[in-house]
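> for reference, the sequence and a predicted model appear below.
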Amino acid sequence: MTSRTILRGHSASPGLAAGIAFWVVENSHATPRRRISRAEVSSEMGRLRAAARSASEELNALSGKLSSRQTAGFRDIFSAYTLILHDPAVLSRIEERIRRDRICADWAAEDIYNNVAAAFSRMKNRHLAARREDVEDVKRFLLDHLSPESRRGPGSGVAQGLPRSPFIAVAHELTPAQTAALLPSRVVGMVTRLGGRTSHVAIMAREIGIPHVFGLKAEQLGMIRNEDRLLVDGAAGKLFVNPAAGYARKFERRVTAVKRMQKEERKDDSLPVRTRDGAEISLRANIETDQDVHLSKSFGACGVGLFRTEYLYLRDTFPDEEALYRAYRGAARQAAPHPLHLRTMDLGGDKFLSAIEFPPDLNPMLGMRAIRLCLARPKLLLPQLRAACRANTLGNVRLCLPLVTAVEEVLEVRKHLDRAARNLAQRKIPHRVPPLGIMVEVPSVAIRIDRFLPHADFFSIGTNDLVQYTLAVSRTQESLAHLYQPFNPSILWLLARVAKFCSDARKPVSLCGEEAHNPLYIPFLLGIGIHDLSMAPPALPDIKKLIRGLDLPRCYAISRTMLELPTTFDVERYIRTEVYPMVKTIIPKHYSYIPLESEL
């Protein structure tokens, strides 16, 4: 393509990027379908086990590449792949096919993984059906490591011949492995035909801060040639191909300005976060592993507002009390003197583990998950409680319960916590019982927050689940995205209610959902009295700069107005006309990737 063209897709990750086009081509080869003799069965079994080991090693290496680009939070993607790769039920089925049908390991593995993927794709539940993609990726890993003709791994071929100048990766589809293989290079953006806002690749792109546009038609992608000049507007879902020189220079100056402002903001990371009128606001980090604390501190986090401990279970081995204790203790020591909020594991829903047998459920998000699962199986809960007590020797650990729906659940956990402490005392193991809080994620808690106040030491609002459960809409269903409305008046009322009751009772309240790092939401949150926010570490600099430019009286006025408006449309119109212009003057670069500008 030689003349300027604008292609439109969908936003998977916001941001601006300029670079040359580089096509990522899948390294594919035909799977051997070879019959074997009885004497070859043993050697085929050996090939299968060796391939599984080497594939696991590559997954660990890819995870390390993610860490180097500050995406430690998504090592769980490859940890989950490792669990699938070593699932004993799947491996035994492959071995059975080799023995029974006398076929090579490649053929047997492909057939079994295809059957597993097909089983997931037939499931009515969208979260489980999405697991098909994970199974397909793991199948590619294993087959590549079984093949002597392979370049050793689905991601390894991508790294060949990468441009030395900044480039935009172009592909019909990118897998997490291919994306990880690109990370050490000068990739600055991604453009694909297939994908989605909730895909693994989209999540990785958002975490490392590069734009990703998906949903382009095959014929549109076919117009792009290697070395074409591309400009990507991630939030608007736009791709400019071979733009005019003047437009390209203007766009690139904007990209440079964004990077310069980001660098300047990092200089203030260690300073206290106060509004213009002197109110101190606590900004903490959401993490998935104990190693992530160091990353959060580099962004100036004031402790950890949410440690998603379920990701400790998405590893090669199921963690016992000692493994949990080591992880909790390491995170607590790194976070000190600031607090570390440990959330007990939130498995179930859209995160499953083969080591735990879950009952069949067409709607697992409303089923056996989170604290329900732990209370139903005390052998899962007690090691977590004992590990938390042992890790709290510095006194900065806070224990938080996910998906609480009734006071009885809190009371039952307290009994188990007392039991755990007595057990440790009898064994003369040093410990300190941490404060016990709950997540506010369902309407039954938010509406009757007054009933929970006497039984919890602190409260943490999870807006992601609170919005979807209050409005009865899945936050991952693309066709219902317009109904997922954080600015819905009912949501605003619930947040204000929780904040007021907690303030009146002098109980700490924080917010750790997506809205904690939504600049358009911050004035409202400060105005209703929520002054403790937790978010992904890379989001901290922008929110710090924003808060330092706000004053509480203005935030009070904004929150009062928003609470009086009757419809979501009215609230969003107020945001566009009143809040957005104010916020943009404080952090102008943030809105280079917010598509709101196109609506004004």
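Nice, I can see it. None of the values given here were measured: they were computed from a predicted structure. Residues are numbered from 1 along each chain as shown.
> quick one: find the helix or strand in the protein with the lowest mean pLDDT.
helix 126-129 (a mean of 54; mean pLDDT, DSSP states H and E).
> pull the distance from stretch 336-350 to the chain's centre.
Remark: stretch 336-350 is offset 14 Å from the chain centroid, using C-alpha atoms, centre = their mean, to the nearest Å.
> who are the packing partners of the longest helix seen in the chain?
Of all the elements of type helix in the chain, the one with the most residues (DSSP state H) is helix 41-68. Identification of packing neighbours for helix 41-68 by 3 or more C-beta pairs under 8 Å, 6 or more residues apart in numbering; DSSP states H and E yields helix 75-85, helix 88-101, helix 105-121, helix 131-146, helix 176-182. Using the backbone N, CA and C atoms, a C-beta is placed for each residue, glycine as well.
> of all the ones you listed, which one is nearest residue 562?
Closest approach to residue 562 among the helices and strands packed on helix 41-68 (C-beta to C-beta): helix 75-85, 35.4 Å.
> against which helices or strands is the closest one packed?
Other helices and strands packing on helix 75-85, by 3+ C-beta pairs under 8 Å, 6+ apart, are helix 41-68, helix 131-146, helix 176-182, helix 200-208.
> which one of those lies nearest to residue 333?
Of all these, helix 41-68 comes closest under C-beta to C-beta, at 19.7 Å.
> how far out from the middle of the chain is the closest one?
Its chain's C-alpha centre and that of helix 41-68 lie 25 Å apart, by C-alpha atoms, centre = their mean.
> quick one: work out the angle between it and helix 75-85.
Angle of helix 41-68 versus helix 75-85, following axes from the mean of the first three to the mean of the last three C-alpha atoms, to 10 degrees, is 170 degrees.
> the helices in the stretch 351-500 of the chain, which residues?
For the stretch 351-500 of the chain, applying DSSP state H, counting those that start in this stretch gives helices covering 370-376, 378-391, 407-426, 443-447, 449-452, 463-471, 489-504.
> for the first one, packing partners?
The reference is to helix 370-376. Contacts defined by 3+ C-beta pairs under 8 Å, 6+ apart place helix 370-376 against helix 378-391, helix 407-426.
> can you check the fourth one too?
Using 3+ C-beta pairs under 8 Å, 6+ apart as the contact criterion, the secondary-structure elements in contact with helix 443-447 are helix 463-471, helix 489-504.
> using CSV, list the CA coordinates for it.
In CSV, the C-alpha atoms belonging to helix 443-447 read as follows (Å, rounded to 0.1, in the frame of the first residue of the first chain):
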residue,chain,number,x,y,z
PRO,A,443,-25.5,-5.8,46.3
SER,A,444,-26.5,-7.8,49.4
VAL,A,445,-23.4,-6.4,51.2
ALA,A,446,-23.5,-2.9,49.7
ILE,A,447,-27.2,-2.4,50.5
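> just how off-centre is that helix within its chain?
Worked out by C-alpha atoms, centre = their mean, helix 443-447 lies 25 Å from the chain centre.
> so which of the helices and strands packed on helix 41-68 gets nearest residue 16?
Proximity to residue 16 (C-beta to C-beta) singles out helix 176-182 among the helices and strands packed on helix 41-68, at 18.3 Å.
> let me have the helices and strands packed on helix 370-376 in TSV, extended by distance to residue 280, mean neighbour count and mean pLDDT.
TSV is the format used below for the helices and strands packed on helix 370-376 (distance: least, C-beta to C-beta, whole Å; neighbours: other C-beta atoms under 10 Å; pLDDT from 0 to 100):
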stretch	distance to residue 280	mean neighbour count	mean pLDDT
helix 378-391	27	21	96
helix 407-426	29	15	97
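> so which of those gets nearest residue 490?
Within the helices and strands packed on helix 370-376, the stretch nearest residue 490 is helix 407-426; the backing value is 22.6 Å (C-beta to C-beta).
> centre of the chain to that closest one, how far?
With C-alpha atoms, centre = their mean as the basis, helix 407-426 stands 31 Å off its chain's centre.
> show me what that helix is packed up against.
Here helix 407-426 touches helix 370-376, helix 378-391, strand 397-401, strand 436-440, helix 449-452, going by 3+ C-beta pairs under 8 Å, 6+ apart.
> can you give me the buried ones in the first one?
What that stands for is helix 370-376. 370-375 (16 or more other C-beta atoms under 10 Å).
> quick one: which of these is nearest residue 473?
Closest approach to residue 473 among the buried residues of helix 370-376 (C-beta to C-beta): residue 370, at 19.5 Å.
> tally up the residues packed near the closest residue in space to that closest one that isn't next to it in sequence, please.
Closest residue in space to residue 370, ignoring its immediate chain neighbours: residue 403 at 3.6 Å, by C-beta to C-beta, 6 or more residues apart in numbering. Using other C-beta atoms under 10 Å, residue 403 has 24 other residues around it.
> now do residue 395
12.
> is it true that it touches residue 432?
Yes. Between residue 395 and residue 432 there is a contact under C-beta atoms under 8 Å: 6.1 Å.
> domains in this protein, by residue range?
Listed by automatic domain parsing, the domain ranges of the chain are 5-27+156-247, 38-146, 258-281+437-564+573-600, 302-434.
> now render the ones you listed as TSV, adding distance to residue 290.
Formatted as TSV, the domains of the chain follow (distance: least, C-beta to C-beta, whole Å):
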stretch	distance to residue 290
domain 5-27+156-247	18
domain 38-146	10
domain 258-281+437-564+573-600	14
domain 302-434	4
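> residue ranges for the strands of the stretch 151-300 of the chain, please.
Secondary structure of the stretch 151-300 of the chain, counting by DSSP state E, counting those that start in this stretch: strands at 167-171, 187-192, 212-214, 229-233, 238-241, 282-287.
> ok, the fifth one: who's next to it in the sheet?
Okay, so that is strand 238-241. According to DSSP bridges, strand 238-241 forms sheet pairs with strand 5-8 (antiparallel), strand 229-233 (antiparallel).
> now do the shortest one
Sheet pairing here is set by DSSP bridges, and for strand 212-214 it gives strand 10-13 (antiparallel), strand 187-192 (parallel).
> now swap in the first one and tell me
Using DSSP bridges, the strands paired with strand 167-171 are strand 16-23 (parallel), strand 187-192 (parallel).
> looking at those strands, which is nearest to residue 421?
Judged by C-beta to C-beta, the one of those that comes nearest to residue 421 is strand 187-192, at 49.5 Å.
> averaged pLDDT, the closest one. What do you get?
Strand 187-192 shows an average pLDDT of 93 in the prediction.
> one more: stretch 541-549?
In this model, stretch 541-549 carries a mean pLDDT of 92.
> now that stretch: buried residues?
Within stretch 541-549, the residues scored as buried using 16+ other C-beta under 10 Å are 541-548.
> for stretch 83-98, same thing?
Of the residues in stretch 83-98, 83-87, 90-91, 93-95, 97-98 count as buried by neighbour count, 16+ other C-beta under 10 Å.
> if we can go back for a sec, who wins for proximity to residue 328 among the helices of the stretch 351-500 of the chain?
Closest approach to residue 328 among the helices of the stretch 351-500 of the chain (C-beta to C-beta): helix 378-391, 3.6 Å.
> list the contacts of that closest one.
Under the criterion C-beta atoms under 8 Å, 6 or more residues apart in numbering, residues 309, 320-322, 324-325, 328-329, 331-332, 342, 344-345, 356, 373-375, 397, 399, 413, 416-417, 419-421, 423-424, 429-434 lie in contact with helix 378-391.
> run the last query once more with 6 Å
If you take C-beta atoms under 6 Å, 6 or more residues apart in numbering as the criterion, helix 378-391 is touched by 321, 324-325, 328-329, 332, 342, 344, 374, 397, 399, 416-417, 420-421, 424, 431, 433-434.
> distance of residue 377 from residue 345?
Going from residue 377 to residue 345 by C-beta to C-beta, to the nearest Å gives 11 Å.
> out of these two, which sits in the busier spot?
Neighbour count, other C-beta under 10 Å: between residue 377 and residue 345, residue 345 has more, with 27 against 13.
> just confirm the more buried one is within a helix.
No. According to DSSP: H, G, I helix; E, B strand; the rest coil, residue 345 belongs to no helix; its state is coil.
> go ahead and flag the most central residue of the chain.
residue 203 (6.1 Å; C-alpha atoms, centre = their mean).
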